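**Student:** sequence below, structure please.
(2 chains)
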There are 2 protein chains.
Amino acid sequence: MKKLTIGAALLSMSCFYAQSLKSPDGKFEMNFQLKNGVPFYNLKYDGQTVVEDSKLGLRLFKDNSAKFGEEISKVDQSKYNLNDDFTKIAENRDSKNETWQPILGEKKNYINHYNELAVTLHQDKADRNIIIKFRLFNDGLGFRYEFPEQKNLNYFVIKEEDTEFDFPTDMKAWWIPGDYDTQEYKPTTSKVSEIPKLWATSYEENTSQTLIKNAVQSPLMLKREGKNPLYINVAEAAVLNYPASNLEVDAQDFKFKTHLTPDAQGAKGYIQTSATTPWRTIIVSPKAEVVLASKMLFNLNEPTKYKDTSYIKPTKYMGVWWEMIIGKSQWAYSTATNVHLGKTDFSKLTPNGKHAANNQKVKEYIDFAAANGFDGLLIEGWNIGWEDWFGHSKEFVFDFITPYPDFDIKMLNDYAHAKGIKLIMHHETSGSATNYERWADQAFQLMNKYGYDAVKTGYVGSIIPRGEHHYSQWTINHYYRIAEKANDYKIMVNSHESVRPTGESRTYPNYISAEAARGTEYEAFGGNDPDHQTILPFTRWMGGSMDYTPGIFQTKLDYYFPGDTRFVKTTLAKQLALYVVMYMPLQMAADLPENYAKHMDAFQFIKDVAADWDDTVILSAEPGDYIHTARKAKGTGQWFVGGITDENARDFTVDFSFLDKGKKYEATIYEDGKDADYINNPQSYHIYKKIVTSKTKLPVHLVRSGGYAISLKEIK
Amino acid sequence: MKKLTIGAALLSMSCFYAQSLKSPDGKFEMNFQLKNGVPFYNLKYDGQTVVEDSKLGLRLFKDNSAKFGEEISKVDQSKYNLNDDFTKIAENRDSKNETWQPILGEKKNYINHYNELAVTLHQDKADRNIIIKFRLFNDGLGFRYEFPEQKNLNYFVIKEEDTEFDFPTDMKAWWIPGDYDTQEYKPTTSKVSEIPKLWATSYEENTSQTLIKNAVQSPLMLKREGKNPLYINVAEAAVLNYPASNLEVDAQDFKFKTHLTPDAQGAKGYIQTSATTPWRTIIVSPKAEVVLASKMLFNLNEPTKYKDTSYIKPTKYMGVWWEMIIGKSQWAYSTATNVHLGKTDFSKLTPNGKHAANNQKVKEYIDFAAANGFDGLLIEGWNIGWEDWFGHSKEFVFDFITPYPDFDIKMLNDYAHAKGIKLIMHHETSGSATNYERWADQAFQLMNKYGYDAVKTGYVGSIIPRGEHHYSQWTINHYYRIAEKANDYKIMVNSHESVRPTGESRTYPNYISAEAARGTEYEAFGGNDPDHQTILPFTRWMGGSMDYTPGIFQTKLDYYFPGDTRFVKTTLAKQLALYVVMYMPLQMAADLPENYAKHMDAFQFIKDVAADWDDTVILSAEPGDYIHTARKAKGTGQWFVGGITDENARDFTVDFSFLDKGKKYEATIYEDGKDADYINNPQSYHIYKKIVTSKTKLPVHLVRSGGYAISLKEIK
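**Tutor:** Residues are numbered from 1 along each chain as shown, chains lettered A, B, ... in the order given. Predicted structure coming up:
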């Protein structure tokens, strides 16, 4: 009896275990608790509760660890969920303060500084251990679940991860609706408490969408308003071999809960131990600028194992692209609407006369890009299959190696290379990931043969394997499998319609960027709101750069199509500012050469601006309102500043104190013209030069949906 | 008004259109009718109705032909199902009488002789055409749906194919339960009317199974009993880019209806026109032997397009296999139960001491196989990953290129080749088809490097992409994609746990065989019934050969494991007979060398028997009871005879009239010993020689589950 009594006492102790962790600067405190065997955490900043006691845990779909001969007994393991019956059996603390250099980045050095608490929890009935690991940084909290390999935990299938984020008060939120397949939604700005009411009107139709009612996507930007505002970003990091998560909203309790993307069978992750979940992240600061500058998601990813990263280079490119987006020309070569790859003879089809990727046009683009110092030229629609590429769940939709009859791949690469331009490959998969995997080696070999070193991939439409989602575990594995294969061929990847990045570029530095949000193309598909670009850096951008494709000078589409009411909802100067505000090392100048040719003075900024940086200073920012950013170009010491505003005109004073003291710079300022207006007069801009030092304070005026860009060159 | 009246009259005429087709010999008559726009067919043989008026048509799941910009409008097209509202707009007749030579086959020449009727039907509301094409042979009917490319029919998704087979009377049926993932069931013999009653007890558990209540699988063997019996086989041919079908049973009306295998989303076929369905086949004869000899399913497949088939050769092989099946040794190398390919160092794991595919053992098998004139040796368990290969839905389960530490692939191939043996590769996929496709090129390159020319593939467990089935369209495309890739590398394929063949070996002649039924391995997993081998040739074999792996001499497993009650439920002589009864050009001698060494006199038959044939004569057959088959070896003029019986002992007289008149043959007869019994004395056999001519009639006695084999060599 004595033994039992001691056992019960121990159980009771460990069952109600509590422990806390502080950030290196002491400002944050995370408290972990077991209450009746259920794990909880909370988070305080500067003594204030940021996150109230919030549950942790996972439910399992079924056991998948049948042995041979027992293969049918797929036992329902719900009684063995990983969310209760826990006792603490070990506690480990660690800390790190390291500086690392991203291959391409917003700064030369990223600082990874945290204190860590890892609690090993034991389930008595199931006889299993898991670890919950917390890392508290000076800008917030990251935590994840870890599943060590052990006798009773080798393989399992997740039914749901139930990580909660329980906030004490209502907050302002910048959100898009939960979806398993797309993030191409306009952000909605509302109170958390208003999300359910607004949810049903928060989306438009998309080519592939699977909405999750009353859920929102991450990164989710929040603001506790009031006298002492607090900016909070809820996101995830290192989403690898795991589905991406959405956040279910409990609008009454201001609480969010993870909701993973399922596969075709509703399963949310096939796990083989040892394994870890992605990190759940909560970045917190009284300053929006600190949130925007946070590198927490990158710090929570593993360093790359790539042996050679020398081929990964910042690249500025133009593209045979915008003219198809707006409908001026076409990806498809012929008038056919039903083609069979491997059977259809494309040289015998009737040309539609609007095929953009033809030798003559591509040469003209090459000429312009070369004359203006670009590195690359993207050409979409170069390969056979575009006649019926979309909407048919057609698995063998592209082969990625066969050019259309009017695209001479050898001649065009030779022509481009002779002028110092590399062509950028385009691999639209139409969502048919199985087909892309079949052809990837041949496709990359073709790229090597002709000297392409970057590829834009695309996943428009529903995913094949049918029933998988853009954000499910299988498909996420596909994206990074392609990244690794591209690395084998020394190829950089710019992925579209794939999952949002969550800091993986630290591990896969050739996976330069993704799209995974509503880019410039939507200006032709219904429009982005004037505040769009002031929100994206706080949400989509937190885990990695986006191919937003800025640089549209001819914002009004009635230029091409009389009477067309579509227009890009910014001023021309704001387009320039985006090159600084929106970090993207594979950066596009998206407009047509003819439009740049009309504004060569403004175009000079795009020619000058860098794409990779030694330093970044967020001068001032408020999500949904404005962002002012200064960046120092990698290696050159040259600085660039960009500022944008939402639908409101604003005045701002650029404080150049970020410049080296004692040095003089020639600043070229590209600002909205006095009469500029994003609706009525978008192409009005004003360019002037000025000598500035670190003491200079320069007033700028931004018209509604306007902006400014400044390039600074040291005067020696 | 006049125009309208004429229109209505035409509509009325074509709406009630009827037409008939006769077989070349005039014995069969097929009648096609449109009744109120709904298509029906019936089939008569010798004036008797074999199939009553039966409906034709398909229902569509949804329209998948959205155009860009309209991509969301996945309109429910159920109102435009392809099953009514038809009028006849064209009728085309054709006939063919050709002889073709299979690369490997049961005869030198296959005769393809039919009359054809193709009816083009028009749907007025949907403005679409389909064609229903009938081919009437002298042994029955084949028909299919054809979907020409046209303005309103480019892409669609099938909800269900509703082809009916309405029989006028109750019949005896040999059936296995409907399933999307396995055919490894014991056949049930019952009346059609009894199927629903017996359905729930017709199956055992399988590693991957998805049963379809009250459905049965095809080929389905039926017998109209009575004074004038009629044997009927319902099957399908050329199941390519389409799901395999089951047959739903209406036991009251003796009616069957197709039930296709769905994908993860419940869709039953993504079709891009022009396209055709598989052929639905009904083979009919008063003689069971005629059904068994039918080559209709092969005739309904397309000739191969392979340019070089010289590498496709009949092959007799042994294998390091049966000892793992019975549990004497293991596929896995180590004691580990959780391995990560690419991370786990297998050379550092603890060997389990039971790994069969080790250098020493493989050399012993090579020695024996070489000494006895075999062509090949299969080795399973040679490659890393078997520790946890099964039941975990593990996608990266094998790499197909990395041998275990105790398997020296170069040394063993060198050793084998020096002795005239080719090693046969084994690619178990564990159902992870996506993973296999990723590795297939490297795997086949490895085979080429070491001189393997045949691979046994396996699909144990549930398919990945998760939610796809072994018999769904995607997975069927996978099997033949692998066959085509194997052809690129000049490799023969013997596929296990894949879909049953439906005559495709005409098109893919390197796809030698499949398993797709309960093979000899089940003798160790619960047993096959004594009538099993008398049913399979009438069902599973109708569309292609099966790797049944005969030749077990040591039928009692207590030889290995004292007290073990498992045993192979045949006599030894019946095992020999299977080499003639069961056509298989990549034929195994499945037992251990040590067991053959004890019966070298009986083993002589396996050494002598051919695997590819110039002629085949079914001497006598009754499904579920007995089969007696004579075959003439390709090129040599040598004949072989085999006969088997079910649980009943039988006497039979072999009529040698199939032999060339005037020639003399030395016959070696391998028959059951007088005291032989498949339970009590299976290894009792009697071998003797006799001179025979075409006039000889030789009485043989088959004990219960016994058999006999005869080899005949001309005496010159």
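**Student:** C-alpha from now on. contacts and neighbour counts both.
**Tutor:** OK.
**Student:** which parts of the stretch 151-300 of chain A sit against chain B?
**Tutor:** Applying Cα under 8 Å from any Cα of the partner chain, one finds that the stretch 151-300 of chain A approaches chain B through A:154-156, A:205-208, A:263-265, A:270, A:272-273.
**Student:** isn't residue A:175 up against residue A:185?
**Tutor:** No. At 9.2 Å, residue A:175 does not count as touching residue A:185 under the criterion of Cα atoms under 8 Å.
**Student:** could you check which of those two is surrounded by more residues?
**Tutor:** Neighbour comparison, residue A:175 and residue A:185: the larger count goes to residue A:175, with 27 against 22 (by other Cα atoms under 10 Å in any protein chain shown).
**Student:** OK, contacts around the more buried one?
**Tutor:** Shown here is residue A:175, whose contacts under the criterion Cα atoms under 8 Å, 6 or more residues apart in numbering or on different chains are A:187-189, A:216-218, A:220-221.
**Student:** got it, and residue A:550?
**Tutor:** By Cα under 8 Å, 6+ apart, the contact set of residue A:550 is A:520, A:575-576, A:578-579, A:588-590.
**Student:** got a winner among the residues you listed for most neighbours?
**Tutor:** Scoring the contacts of residue A:550 on neighbours with other Cα under 10 Å, the highest-scoring entry is residue A:576 at 31 neighbours.
**Student:** does that one touch residue A:605 like I think?
**Tutor:** Yes. If you go by Cα under 8 Å, residue A:576 and residue A:605 touch, sitting 7.0 Å apart.
**Student:** overlap in contacts of those two?
**Tutor:** Residues touching both residue A:576 and residue A:605 (Cα under 8 Å, 6+ apart): A:670, A:709.
**Student:** C-terminal to the lengthiest helix in chain A, what's the next element?
**Tutor:** Identified as the longest helix of chain A according to DSSP state H is helix A:433-450. Next helix or strand after helix A:433-450 toward the C-terminus (DSSP states H and E): strand A:454-458.
**Student:** and that next one, what does it pack against?
**Tutor:** Applying 3 or more Cα pairs under 8 Å, 6 or more residues apart in numbering or on different chains; DSSP states H and E, one finds that strand A:454-458 contacts strand A:422-428, strand A:492-496.
**Student:** surely residue A:500 touches residue A:514?
**Tutor:** Yes. Checked against Cα under 8 Å, the pair residue A:500 and residue A:514 is within contact range at 6.5 Å.
**Student:** please identify which of the two sits among more neighbours.
**Tutor:** residue A:500 (30 against 26).
**Student:** might you report the residue contacts of the closest residue in space to the more buried one that isn't next to it in sequence?
**Tutor:** When the adjacent residues along the chain are set aside, residue A:500 lies closest to residue A:516, with 5.0 Å between them (Cα to Cα, 6 or more residues apart in numbering or on different chains). With contact set as Cα under 8 Å, 6+ apart, residue A:516 has these partners: A:182-184, A:496-500, A:540, A:546.
**Student:** kindly recompute the last result at 10 Å.
**Tutor:** Listed by Cα atoms under 10 Å, 6 or more residues apart in numbering or on different chains, the contact set of residue A:516 reads A:181-185, A:470, A:495-501, A:540-541, A:545-548.
**Student:** residue A:213 too?
**Tutor:** Contacts of residue A:213 by Cα under 10 Å, 6+ apart are A:177-179, A:196, A:199-200, A:248-249.
**Student:** how near is it to chain B?
**Tutor:** Separation of residue A:213 from chain B (Cα to the nearest Cα, to the nearest Å): 18 Å.
**Student:** quick check: next helix or strand after whichever strand or helix holds that residue?
**Tutor:** Under the criterion of DSSP H and E, residue A:213 resides in strand A:211-217. Of the helices and strands lying after strand A:211-217 in sequence (DSSP H and E), the nearest is strand A:220-224.
**Student:** show me what counts as buried in that next one.
**Tutor:** A:220-224 (16 or more other Cα atoms under 10 Å in any protein chain shown).
**Student:** redo those as CSV? Include distance to residue A:410.
**Tutor:** Output for the buried residues of strand A:220-224, formatted as CSV (distance: Cα to Cα, whole Å):
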residue, distance to residue A:410
A:220, 46
A:221, 47
A:222, 51
A:223, 54
A:224, 57
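**Student:** nearest to chain B, of these?
**Tutor:** For the buried residues of strand A:220-224, the minimum distance to chain B (Cα to the nearest Cα) is 26.8 Å, reached by residue A:220.
**Student:** for the stretch 201-350 of chain A, which segments count as strands?
**Tutor:** Taking DSSP state E, counting those that start in this stretch as the criterion, the stretch 201-350 of chain A contains strands spanning A:211-217, A:220-224, A:230-237, A:245-250, A:255-260, A:270-272, A:275-276, A:279-285, A:315-320.
**Student:** correct me, but residue A:185 touches residue A:199?
**Tutor:** No. Applying Cα atoms under 10 Å, one finds residue A:185 not in contact with residue A:199, separated by 11.8 Å.
**Student:** now the common contact residues for the two.
**Tutor:** Overlap between the contact sets of residue A:185 and residue A:199, as judged by Cα under 10 Å, 6+ apart, is given by A:175-178.
**Student:** and for the closest residue to residue A:315 other than its chain neighbours, the neighbour number?
**Tutor:** If you skip the residues right next to it in sequence, residue A:315 has residue A:586 as its closest partner in space, 4.7 Å away by Cα to Cα, 6+ apart. The local packing count at residue A:586 equals 26, with neighbours defined by other Cα under 10 Å.
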